[in-house]
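Q: sequence plus the predicted model coming up.
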Amino acid sequence: MSKSTGTSAAEPKRWLDRPENVRKVYLSVWVVCAALLVAELFIDKHGETEIEHWFGFHGFFGFVACVFLVLAAKQLRRALIRPEDYYGDR
Amino acid sequence: MAIAELSPGLTLIVGSLLIPVLRGRLRSAYLLLLPLLGLVHLATLTIGEFGVVEFIGYELVTLRVDRWSMVFGWIFMIATLVSAIYGLHVRGALQPMAGFVYAGSALGAVFAGDLMTLFFFWELTALSSVLLVWAGGTRSAYRAGMRYLIVQIASGMLLFFGALMQLNATGSLDFDHIGLDGPGGWLIFTAFGIKCAFPFLHNWLQDSYPEATEVGTVFLSAFTTKLAVYALARGFAGTELLVPIGAAMTAFPIFYAVIENDLRRVLAYSLNNQLGFMVVGIGIGTELSLNGTAAHAFTHILYKALLFMSMGAVLLRVGTVKGSELGGLYKSMPLTAAFCIVGAASISGFPLFSGFVSKSMILSAAGIESYLITWTVLLFASAGVFHHSGIKIPYFAFFAHDSGKRCAEAPLNMLIAMGIAAFLCIGIGVYPAPLYTLLPYPVDYAPYSPSHVLAQLQLLMFSALAFSVLMWTRIYPPELRSVNLDFDWVYRGPGKRLLSALTRSVGDLRAHAEGSARRGIEGMVAGLSRTHGPSGMLARTWPTGSMVLWVAVLLGAYLLFYYF
């Protein structure tokens, strides 16, 4: 198994190493989401179920689902977390 | 018997016997040749039943070729080829040999036309695949392998007794629709359910897959559980109970996936979640949903293998796949990172990637058949899978905060294997028609309507937005060195202690009652442990190690009792 070597001091900075670029990525997600809502004005959404016709349903559902997932999992972890050697065979 | 009358599984199983004899480049060439021969073998098959052998008065069909067995046959053979390329850097013969026998057994099971042939190959998948877990070489891999073997053998035994009961009830061993009408059907259903990682029967998956070698996990991810999906589709299509079971499978592993630190274990949880979609498709039982299950198994094997391959490459180069230790690896392994993102986009069902054209068939079927709650759960799970597999895996391994780790890019063979899988993931996503023609029933489904594409993009991008906001605001839980309790706690934690205590007290009782007999039995057990334990390891982990043996002995005794 080859081992990793340390960071070279002379290593050039990458685009993503600059905090302002990370901020650009973050903002671009907002922009794309807004664009997808605007697109719905021009595309007739249809689906097998009635609620799929509600404006922005999939976006709203995806956002709420993921926030719920993470917050619930975070609470779950408080009950479930154990040290790595809990079962004694690590 | 012409080659076209032999199961394609035998090409791999018999062919694998030559692997230990060959060395160096010759072996590498052979490892590529064998699955290619397998693909040719598949191409020569014609629809029908072949390879009929007589066994204790019953006709066994070792090669049943129809649209169901062919679609799984093709993807299993492709997965074998990709896994073989991925493992070319491995020096020993054990892993490729075990991998090929395992893949061959899975193929043998897929082409089995009767329950006894299915049982034979079902058990062979268990026995060969545990070697891939043990090849991990650590003490925890050994013990996880033992637990894996106990569960898999138990599944096989249930299948065996279920098959006998079916024979008793129906007079036939044919492997067709079974249903839940009799006790035999329930036993077989449970046997399939164990291998398919139904809720509470699932822990063997998350326990063992992350312990195998980087190559072993890629092999493992393809066959066992998808064989179970195939078997369920054959035997239990339209069984209503599978709809809630599958829906639970899609939803509950994703909570674990969010908080799990070992990224290969995250993938094992998401594998479980993806199986749930297929199980729902089987439960709904319409042509659209069953096509969806077959299509999703096909695409899933490719993108899941791709994700496991990318994490395997990280494991090989960095020595760990713990999210808490990784980050910034895109600088060292840009190609692996790119392949990982293709796998992530595919499992998430992004338009133009393979998951989009398969998963949506199951969701549509759930909507059309008015399974509204199930449909909502599947939609939740679709958002969730993007969150933990689509974003979390590439983000924590390759981006996030720079861990400072620098390493070489993955070896060439791994890159080629990942490249093939990535090509197929995109190819199927862009042009699904060839996949659709392989499916069991005629396909009347167009995934690329503007409405559907927009709906899916909204679902995924707003999920990404949720992740970004939670990261930006530091609400997202950090990766921590830890294990999280799951259902296996009942047999690894206090349950195991209870079992040990029971074993001890039974032993004491017996010691008082039959002192001399006990000494004899102990002598036999010690002898068996010496002979059956690889270099005495079995003896050191006596309770788990000997449990396999005792399960086998007990079931063997029961079998004899049944016959006489």
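A: Perfect, thanks for sending it. Numbering: from 1, shown residues only, chains lettered A, B, ... in the order given.
Q: residues in contact with the residue of chain A found nearest chain B?
A: Proximity of chain A to chain B (CB to the nearest CB) peaks at A:E48, 2.7 Å away. From N, CA and C alone the C-beta is placed, and that goes for glycine too. Going by CB atoms under 8 Å, 6 or more residues apart in numbering or on different chains, A:E48 touches B:364, B:366-368, B:375.
Q: could you find the closest non-adjacent residue to it?
A: Distances taken as CB to CB, 6 or more residues apart in numbering or on different chains put B:G367 closest to A:E48, at 2.7 Å, once the chain neighbours are dropped.
Q: same question, B:A417
A: In space, B:A417 is closest to B:Y86, 3.7 Å off (CB to CB, 6+ apart).
Q: please verify my assumption that that neighbour contacts B:N413.
A: Yes - counting by CB atoms under 8 Å, B:Y86 sits close enough to B:N413 to count as a contact (6.6 Å).
Q: who's more crowded, these two?
A: B:Y86 (30 against 17; other CB atoms under 10 Å in any protein chain shown).
Q: measure that one to chain A for me?
A: 16 Å (CB to the nearest CB, to the nearest Å).
Q: let's see the pLDDT reported for that residue.
A: Note on B:Y86: pLDDT of 97.
Q: please apply the same query to B:D488.
A: At B:D488, pLDDT is 79.
Q: check contacts around it.
A: Contacts for B:D488 (CB under 8 Å, 6+ apart) come out as B:147, B:203, B:207.
Q: neighbours of the residue nearest to A:E48, how many?
A: There are 19 residues near B:G367, going by other CB under 10 Å.
Q: quick check: which element contains it?
A: helix B:354-368 (DSSP states H and E).
Q: centre of the chain to that helix, how far?
A: Centroid separation for helix B:354-368 versus its chain: 21 Å, with CA atoms, centre = their mean, to the nearest Å.
Q: confidence-wise, which helix or strand of chain A is lowest on average?
A: Every helix and strand in chain A was compared by mean pLDDT, DSSP states H and E; the lowest is strand A:81-82, with a mean of 82.
Q: list the helices and strands that one packs on?
A: On a contact count with 3 or more CB pairs under 8 Å, 6 or more residues apart in numbering or on different chains; DSSP states H and E, strand A:81-82 meets strand B:483-484.
Q: quick one: is the strand it packs on near chain A?
A: Yes - interface with chain A: strand B:483-484 contributes B:483-484 (CB under 8 Å from any CB of the partner chain).
Q: packing partners for that strand?
A: Using 3+ CB pairs under 8 Å, 6+ apart: strand B:483-484 touches strand A:81-82.
Q: roughly how far is the strand it packs on from the heart of the chain?
A: The answer for strand A:81-82 is 24 Å, by CA atoms, centre = their mean.
Q: same question for stretch B:43-61.
A: Distance, centroid of stretch B:43-61 to centroid of chain: 27 Å (CA atoms, centre = their mean).
Q: okay, buried residues for that stretch please.
A: Neighbour counts over stretch B:43-61 (16 or more other CB atoms under 10 Å in any protein chain shown) mark B:45, B:49-51, B:60-61 as buried.
Q: show me the helices in the stretch 301-450 of chain B, by range?
A: With DSSP state H, counting those that start in this stretch as the criterion, the stretch 301-450 of chain B has helices at B:334-348, B:354-368, B:372-385, B:393-398, B:412-430, B:433-438, B:450-472.
Q: any chance of these in TSV, with mean pLDDT too?
A: Formatted as TSV, the helices of the stretch 301-450 of chain B follow (pLDDT from 0 to 100):
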stretch	mean pLDDT
helix B:334-348	96
helix B:354-368	94
helix B:372-385	93
helix B:393-398	90
helix B:412-430	97
helix B:433-438	96
helix B:450-472	92
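Q: circling back: looking at the buried residues of stretch B:43-61, spot the one nearest chain A.
A: The shortest approach to chain A among the buried residues of stretch B:43-61 belongs to B:L45, at 36.5 Å (CB to the nearest CB).
Q: wait, doesn't the closest one sit right on B:P8?
A: Yes - if you go by CB under 8 Å, B:L45 and B:P8 touch, sitting 7.3 Å apart.
Q: what is in contact with the two at once?
A: With CB under 8 Å, 6+ apart, B:L45 and B:P8 have common neighbours B:G73.
Q: so which bits of the stretch 151-300 of chain B are right by chain A?
A: Residues of the stretch 151-300 of chain B lying near chain A (CB under 8 Å from any CB): B:254-256, B:258-259.
Q: whichever of the contacts of B:D488 end up buried, select them in PyMOL.
A: Paste this into PyMOL to select the buried members of the contacts of B:D488, with burial taken from 16+ other CB under 10 Å:
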select buried, chain B and resi 147+203+207
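Q: and the contacts of B:D488, which of them are in helices?
A: Residues of the contacts of B:D488 located in helices (DSSP state H): B:147, B:203, B:207.
Q: how about those residues in TSV, adding pLDDT?
A: Shown next, in TSV, are the ones in helices among the contacts of B:D488 (pLDDT from 0 to 100):
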residue	pLDDT
B:R147	92
B:N203	91
B:D207	91
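Q: quick one: the helices in chain A, in order.
A: Remark: helices assigned in chain A by DSSP H are A:19-39, A:57-80.
Q: for chain B, which spans come out with low pLDDT?
A: For chain B, the stretches with pLDDT under 70 are B:1-4, B:510-564.
Q: report the central residue of it.
A: With distances taken as CA atoms, centre = their mean, the residue of chain B nearest its centroid is B:T225 (3.5 Å).
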